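J.: Sequence and predicted structure below; questions after.
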Number of protein chains: 2
Amino acid sequence: MAFYFLSTLVCFLLRAEAFAPEPRLTWQEAEISLTRFQVQDVYNYSTLLLSDNRDILYIGAREVIFAVNSRNITEKKHEAYWKVTEVKKEECSRKGKSKQTECLNYIRVLQPFNESALFVCGTNAFQPVCDILELKKFKLLGKNEDGRGRCPFDPAQSYTSIMVDGDLYSGTSFTFLGSEPIICRHSQLLSNLRTEYAVPWLNEPRFVHADVIRAPDNNPEGDDDKIYFFFTEVSVEYDFFNKLLIPRIARVCKNDQGGLRTLQKKWTTFLKARLICHSSENNLIFNVVNDVFILKSPTLKEPVIYGVFTSHLNNVGMSAVCSYSLSAVEDVFTKGKYMQSATVEQAHTKWVQFNGEIPKPRPGACINNEAKAMNYSSSLNLPDKTLQFVKDHPLMDDSVAPIGKRPKLVNPNVSYTQIVVDQVKALDGHTYDVMFISTDKGMLHKAISHDTEIRIIEEIVLFPAHQSVKTLLLSDKQSKRYIYAGSNTEVVQSPVAFCEKLTSCTECILTRDPYCAWHPVKNSCVSILDESNTDRLLIQALNGDASQCPDSADKGIRKSMRYKVKAGNTVELKCSYKSNLASVFWTFNNKTLKISPPKYLLQSTLIILNLTEWDAGTYHCWSKETIMDKVFSQVVTKHDLEIERTPIPLTSTAQS
Amino acid sequence: MAFYFLSTLVCFLLRAEAFAPEPRLTWQEAEISLTRFQVQDVYNYSTLLLSDNRDILYIGAREVIFAVNSRNITEKKHEAYWKVTEVKKEECSRKGKSKQTECLNYIRVLQPFNESALFVCGTNAFQPVCDILELKKFKLLGKNEDGRGRCPFDPAQSYTSIMVDGDLYSGTSFTFLGSEPIICRHSQLLSNLRTEYAVPWLNEPRFVHADVIRAPDNNPEGDDDKIYFFFTEVSVEYDFFNKLLIPRIARVCKNDQGGLRTLQKKWTTFLKARLICHSSENNLIFNVVNDVFILKSPTLKEPVIYGVFTSHLNNVGMSAVCSYSLSAVEDVFTKGKYMQSATVEQAHTKWVQFNGEIPKPRPGACINNEAKAMNYSSSLNLPDKTLQFVKDHPLMDDSVAPIGKRPKLVNPNVSYTQIVVDQVKALDGHTYDVMFISTDKGMLHKAISHDTEIRIIEEIVLFPAHQSVKTLLLSDKQSKRYIYAGSNTEVVQSPVAFCEKLTSCTECILTRDPYCAWHPVKNSCVSILDESNTDRLLIQALNGDASQCPDSADKGIRKSMRYKVKAGNTVELKCSYKSNLASVFWTFNNKTLKISPPKYLLQSTLIILNLTEWDAGTYHCWSKETIMDKVFSQVVTKHDLEIERTPIPLTSTAQS
């Protein structure tokens, strides 16, 4: 048993090591006591919206919307219940849905409407409705607009939405059965537009994210703002043993008005492409995108798209993070080849690269300078050839390859669900992208990728009961930054770093967290975002070089113990250290201690049975850690052991 | 660290449990001391051939062929060295190959030629040659026939061969570079035939097995004997992100003579089809076949094909066993649809189902009654239409599905390399198929599949240094059956069962091995194949019901210990049990013992620190195992503990 157990374990660890870094630190609930928001009998805290300038977090749950203090989410400011009427519930139940779970109002859209109102939609017992939430009184106006196309009927179905200049762009399904997928715009000024209901446009998509990228002010192509959608759908272009899922990015232009005859009330700018997230070394294919975060920052040359992926092929719970540059995406859409479908032997549809002549203006392009020069000022007057082409060829042949042609991170042991990315300027002047990635077991991984090194700085137990993290949100205020995570039962608020939990300078440096630095005067590990910490004093060394620390070696000892034990008895010498990457070794009177019976190591605890006077002396427990190929050892605990002699030492007798 | 370690471990164990059974017993080298054959400086024991009526095992290794006693392989009977000449070695080395490893003679073909000779081929420093090994003197005749097409040039390349009625059928590569794959026949009486050198026929195949299935004597279709080939190749019919490997079965007919003009000297009966080995519950796709064994037995209605598979998609070391009925294979070849390639948009080749008219006689069929009725007595006079069709359509559209539409066994933690299957008639009258499956780490799994239950009876450490098992052979003599396994460094001989190692009736029954039964008179667990064991006395209960055992409960105790220990001291109570599926629990004076400090459990050993007089009494270590939903517990060890009182009990002092 033991052999089998150990051998499978060793093989498992070797395997794990070959892929992903282990989180260096693990923060349990008891160590960090995160701030939580939970209301009895309220479930499905799935929609979060932050109003940073008001310090308010809006939470859309089942049948209710909350407003809480974003600096302390336990502090509830307002609530607005939005329940399904008994009549509607009955009606829904008669259609075969569950009265207790499905025939309720799940808030799915929670978007800023104007300065004083939010736009909200809910599933409303399979009859989606939308309304305006007036913020002053925190009351719904009771508009009860038809929510079809903006909000799913079924709370189990995927959805995404984004409000852009007062218009709602959404990806969802249009019917009771959820069989008609749709990407559409509901607009007050522009025309409402939607996708064609056709397999080449959308084929059983699972929507995960939508966001807008603004055209630069002075862009030479006279380009438009674009809205990007991310989803996984069933491939039409590949043949496989069975249905092959594929991750996609699609985009439309903000000023699309639809066609006049062809594509009337439909997108004329809908194009989609494959997102590639493969690790060719291990032949790993991540073909399901679970979430996307677009990092936009004035310090970046261009926005970077971060996605978390899993696989549905031989999936044993692996995940990856891939990132894409916006220019790689735009190259595919503006310069790439299209795919076309062809009928083979009158019976089979196959998708191949289109090599014929592409009409002008380029199909699917926004109304840019090129189109304007050809006297097309709106999609309404685009030539029929261009419109017919984009209607038949929404899929690009070129794929969007990730930055570095490989995943940023591959983790074989978790299912990642959500991602947000923060930027922090470290004291070395370099700006780091810090990824916060949640799992389906309630964990949050904080990872950093720099040069060729990828590491998970820490793992935070967000939900001790291991609920899946359904939604993740980052507040990007300069000084106090938080991560908000929603599950089926609660919302939790976590700081982006736990610097103050690291009690010695060495630990503060070894964590290599760009948010943290050692403050020699305060004698504590502090957040560099905190304005009270001036740069000049702080010690930060992201290469893990703790030699700058003022600590002497002895100061590193976290605990010192003294024992006086009778010969023949037993002693347990404990040693607890924080880093998952460290290993422990013991010294006795400053020499390495060999652990063999009657000495045992239980985890990191040293047990000595049948003590003799030779065991008296000083024991040090050391933790050893390799950082950037350098081995770093520090004393964790010191134990001084004194043995009382007994006059006649009696030994145990055993007969078998 | 501990938490992370444990949590990943738990998740790993849960994951493993969801798929495959753990081997119930593990036999270490020291417990079973298997018989081994190894000659110094001889490597690559890759080819094994058994002459059961002579009790001889022939072993083809690097530059030498051995004959050993098959009942005790340490007993070498003969050896015939077959070395590469210095000239050839030099020549090979000049072509850029390694003189020390590649430019040697690796025996790859070892087939019976006639009663008194073997047919052998070797790679011969990248100039393959074949020869006749005369058995009486055990000498090569020095024929030095050109071995191209029968033996690979490169020892690293895949190969398979089978001798049928004096003709050698082989799958290998034809050139120095190994770029031209070939399935061919070298015949003395019939014409030599080969495959077309074309992607649709063979596309980078890796050959794993070949075997013959004889046509039944009185078969109504007047069918021919068929030779089946098994290999993994690159798919032409699927489109995937990158090259998609696919497992295949191909077959040719023995009386094929090639065509007269079309397909002259080529197979007119070469057809191939996909082998499916998917587990749809977990969405696991096993698309690489590593080995095949065809179980042929007079007791079977039809032969059964067993294959071991791995996956190259997101592969993290998973394996499966799938089995196929011969009739499912034949249905595909004799009634299935063909595939055809079509050119799409002048640039892309796509494979689709052929729905046109199929010429007669059916392309690829043997010369059977149907052909004979049409006056085609040989492939030489088949109509050009039939020949041209089979030349262009060697691939079937239908796939061969496994028996039960799913794998017999899925194991997420090993890479299976080879398989042999034995049949044993248990005392219940039922005949069981027992699978012996080797791994790339030197293990052998003995598995049985009955009704819906699959279990791995035991795991045998064949090679303690974890060498990959390259070849596996079963001797199917009635009384003494052995498994022979070859690795790079040695050959090992293992009995098919280890009944005699199970010392109590309960253990003999709980192992549920159809080879083993309890002999109440001999008071030992015996092999039912041994003729000295008469059936009437033996106790066998493959449902694991040990209640028939004559043992009283106390007899089950394997070890009984007595201790006399001073109060304040420490005691270690050991408990070793064999089953990997059992868990241990302890009782104290016949009540369940709660393990908490100062009591510790280290694996199954109970450690009690700081003994007091309250600890005196009787401790029983129990192993508990669930078999077919019934829990079965048995005492493993009994410990009687007596405590000597000390006049003044002194306790240890600790200050922190």
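T.: On my side now, so go ahead.

J.: Is any residue of stretch A:261-280 near chain B?
T.: Yes. Counting by C-beta under 8 Å from any C-beta of the partner chain, chain B is contacted by stretch A:261-280 at A:276, A:278, A:280. In this view, the C-beta of every residue, glycine as well, is placed from N, C-alpha and C.

J.: what's the neighbour count on residue A:186?
T.: Residue A:186 has 22 neighbours, counted by other C-beta atoms under 10 Å in any protein chain shown.

J.: cool, and residue A:614?
T.: Residue A:614: 8 surrounding residues under other C-beta under 10 Å.

J.: Which of the residues of stretch A:261-280 next to chain B fall in helices?
T.: Among the residues of stretch A:261-280 next to chain B, no residue falls in helices (DSSP state H).

J.: any idea which of the residues you listed is least confident?
T.: Least confident of these in the model: residue A:280, at 84.

J.: quick one: that one and residue A:410, what's the gap?
T.: For residue A:280, the distance to residue A:410 (C-beta to C-beta, to the nearest Å) stands at 11 Å.

J.: the more surrounded of these two?
T.: residue A:410 (23 against 11).

J.: So for that one, what's the pLDDT?
T.: 92.

J.: In this structure it contacts residue A:283, no?
T.: No. Assessed by C-beta atoms under 8 Å, residue A:410 is found out of contact with residue A:283, at 11.8 Å.

J.: Give me the neighbour count for the nearest residue in space to residue A:165 that is not next to it in sequence.
T.: Spatially, and ignoring its direct neighbours in sequence, residue A:165 is nearest to residue A:254 (7.4 Å; C-beta to C-beta, 6 or more residues apart in numbering or on different chains). By other C-beta under 10 Å, the residues close to residue A:254 number 21.

J.: Provide a list of residues in contact with residue A:254.
T.: For residue A:254, the contacting residues are A:164, A:165, A:212, A:224, A:225, A:226, A:227, by C-beta atoms under 8 Å, 6 or more residues apart in numbering or on different chains.

J.: same thing with residue A:110?
T.: For residue A:110, the contact set (C-beta under 8 Å, 6+ apart) comprises A:47, A:48, A:49, A:58, A:60, A:65, A:118, A:119, A:120.

J.: beta partners for it?
T.: residue A:120 (DSSP bridges).

J.: Now do the helices in chain A.
T.: For chain A, the helices defined by DSSP H occupy A:2-19, A:29-32, A:86-94, A:326-335, A:369-373, A:384-392, A:505-510.

J.: Can you tell me which of these has the worst average pLDDT?
T.: Minimum mean pLDDT among the helices of chain A: helix A:2-19, a mean of 34.

J.: Can stretch A:197-205 be said to contact chain B?
T.: No. Using C-beta under 8 Å from any C-beta, stretch A:197-205 stays clear of chain B, coming no nearer than 15.6 Å.

J.: Just the C-alpha atoms of that stretch, please, in CSV.
T.: Output of stretch A:197-205 as CSV, limited to C-alpha atoms (Å, rounded to 0.1, in the frame of the first residue of the first chain):
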residue,chain,number,x,y,z
TYR,A,197,-29.9,33.0,-36.9
ALA,A,198,-27.5,30.7,-38.8
VAL,A,199,-25.0,28.0,-37.8
PRO,A,200,-22.0,29.8,-39.4
TRP,A,201,-22.7,32.9,-37.3
LEU,A,202,-23.2,31.3,-33.9
ASN,A,203,-23.2,27.6,-33.3
GLU,A,204,-24.3,26.7,-29.7
PRO,A,205,-22.2,29.5,-28.1
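
J.: average model confidence for that stretch?
T.: The pLDDT scores in stretch A:197-205 average 96.

J.: Pull the distance from that stretch to the chain's centre.
T.: 27 Å (C-alpha atoms, centre = their mean, to the nearest Å).

J.: So if we follow the domain assignment, how does chain A break up?
T.: A:195-307+A:326-407, A:500-553, A:556-644 (automatic domain parsing).

J.: Could you tell me the end-to-end distance of the first one?
T.: Pointing back at domain A:195-307+A:326-407 there. 31 Å (C-alpha to C-alpha, to the nearest Å).

J.: Could you pull up the residues touching the one residue in the stretch 51-200 of chain A that gets nearest to chain B?
T.: Using C-beta to the nearest C-beta, the closest approach of the stretch 51-200 of chain A to chain B is made by residue A:200 at 15.9 Å. By C-beta under 8 Å, 6+ apart, residue A:200 lies in contact with A:236, A:341, A:392, A:394, A:395.

J.: Let me see the ranges of the strands in the stretch 351-500 of chain A.
T.: A:395-400, A:409-411, A:416-425, A:431-439, A:443-450, A:453-461, A:471-474, A:482-486, A:491-495 (DSSP state E, counting those that start in this stretch).

J.: looking at those, which is closest to chain B?
T.: So among those, strand A:453-461 is nearest, using C-beta to the nearest C-beta, at 7.6 Å.

J.: follow-up on the earlier one: check the contacts of residue A:254 against residue A:481 and report the nearest one.
T.: Residue A:481 lies nearest to residue A:212 out of those, by C-beta to C-beta, at 22.7 Å.

J.: From what I see, that closest one and residue A:162 are in contact.
T.: Yes. In this structure residue A:212 lies within contact range of residue A:162 using C-beta under 8 Å: 6.0 Å.

J.: shared neighbours, those two?
T.: A:169, A:227.

J.: Could you list the low-confidence segments of the stretch 501-650 of chain A?
T.: Counting by pLDDT under 70, the stretch 501-650 of chain A shows low-confidence ranges at A:534-535, A:551-558, A:646-650.

J.: which residues are contacting stretch A:623-631?
T.: A:453, A:510, A:512, A:543-544, A:577, A:579, A:581-585, A:632-634, A:636.

J.: related to what we said a few turns ago, quick one: which two of the contacts of residue A:200 are the most distant?
T.: Top of the distance list for those (C-beta to C-beta): A:236 and A:392, 12.6 Å.

J.: Could you name every residue contacting both of those two?
T.: Residues touching both residue A:236 and residue A:392 (C-beta under 8 Å, 6+ apart) are A:200, A:341.

J.: Can you give the contact residues for stretch A:173-191?
T.: A:95, A:126, A:148-150, A:152-154, A:157, A:166-172, A:192-195, A:197, A:202, A:204-205, A:229, A:250, A:252, A:255-258, A:265, A:267, A:270.

J.: Spit out the contact partners of residue A:488.
T.: By C-beta under 8 Å, 6+ apart, residue A:488 lies in contact with A:43, A:44, A:45, A:467, A:468, A:470.

J.: Surely the fourth one is in contact with residue A:487?
T.: Going back to what we said before, that points to residue A:467. Yes. The pair residue A:467 / residue A:487 is scored as a contact, 3.9 Å apart, by C-beta under 8 Å.

J.: so what sits against both of the two?
T.: What both residue A:467 and residue A:487 touch, as defined by C-beta under 8 Å, 6+ apart, is the set residue A:442.

J.: more neighbours, these two?
T.: residue A:487 (23 against 18).

J.: how near is that one to residue A:136?
T.: Counting by C-beta to C-beta - residue A:487 and residue A:136 are separated by 30 Å.

J.: Quick check: longest strand in chain A by residues?
T.: Counting residues, the longest strand in chain A under DSSP state E turns out to be strand A:630-644.

J.: Sweet, I'm off.
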